[in-house]
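**Student:** After the sequence you'll find the predicted model.
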Amino acid sequence: MNVNDYYTTESKWLKGDDLPAGREVKVFIESVEEILFGQNDPPKLALKFKNKEKGVVLNKTNAVRIMSVYGANSTGWIGHEIFLFSEPTDYNGQSVKAIRVRVPLPVSLDGDDPVDF
């Protein structure tokens with residue numbers, strides 16, 4: 001028996017290494033769910049995407065980025081696009097690839113932007 005058949009590292013959640021280096025991936029949010037990893041861990045929000053097998057578990061930074069554009073009610077995020085990319089970050093003293101989210105900003109369609117600068 002092959003031990004790897006019993007202890008797979010395959011996950012339904014994306015890791016930074018799953019994303020193409022130096023590129024963003026455009027995805028559309030299909031659902032938002034609350035997940036638990038362990039008994040003592042607080043719940044986290046996770047996103048599933050249209051036409052993608054894997055979703056992403058949101059850290060606070062990524063959740064706040066999405067909320068700042070699409071609002072605090074996560075059901076309002078469904079159907080909207082976001083971009084996923086990875087970048088190096090420090091975690092427990094080691095450099096790892098972290099998933100980051102970029103949210104497109106709304107664009108004025110009439111070209112008449114009232115913001116003075």
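**Tutor:** Happy to help now that I have it.
**Student:** Which residue comes closest to residue 49 once chain neighbours are left out?
**Tutor:** Excluding the flanking residues, the one nearest residue 49 by Cβ to Cβ, 6 or more residues apart in numbering is residue 27, at 4.1 Å. All C-beta atoms are positioned from the backbone trio N, CA, C, and that covers glycine.
**Student:** Quick check: beta-bridge partners of the residue nearest to the spatial centre of the chain?
**Tutor:** Centroid-nearest residue in the chain: residue 56, 4.7 Å away (criterion: Cα atoms, centre = their mean). Going by DSSP bridges, residue 56 is paired in beta bridges with residue 47.
**Student:** for residue 26, same thing?
**Tutor:** Beta bridges link residue 26 to residue 83 when assigned by DSSP bridges.
**Student:** Please tell me how far residue 92 sits from residue 16.
**Tutor:** Using Cβ to Cβ, to the nearest Å, we find residue 92 at a distance of 15 Å from residue 16.
**Student:** higher neighbour count, those two?
**Tutor:** Applying other Cβ atoms under 10 Å to residue 92 and residue 16 shows that residue 16 carries more neighbours, namely 17 against 5.
**Student:** mind checking the SS state of the residue nearest to the more buried one when sequence neighbours are not counted?
**Tutor:** With Cβ to Cβ, 6+ apart as the criterion, residue 16 has its nearest non-adjacent residue at 2.8 Å, and that residue is residue 97. Of the three states, residue 97 takes strand under DSSP: H, G, I helix; E, B strand; the rest coil.
**Student:** Residues contacting the host helix or strand of residue 69, please?
**Tutor:** For residue 69, the element it lies in under DSSP states H and E is helix 60-70. With contact meaning Cβ atoms under 8 Å, 6 or more residues apart in numbering, helix 60-70 is reached by 45, 56, 58, 74, 76-77, 80, 82, 99-106.
**Student:** Return the set of buried residues in that helix.
**Tutor:** By 16 or more other Cβ atoms under 10 Å, the buried positions in helix 60-70 come out as 62, 63, 65, 66, 67, 70.
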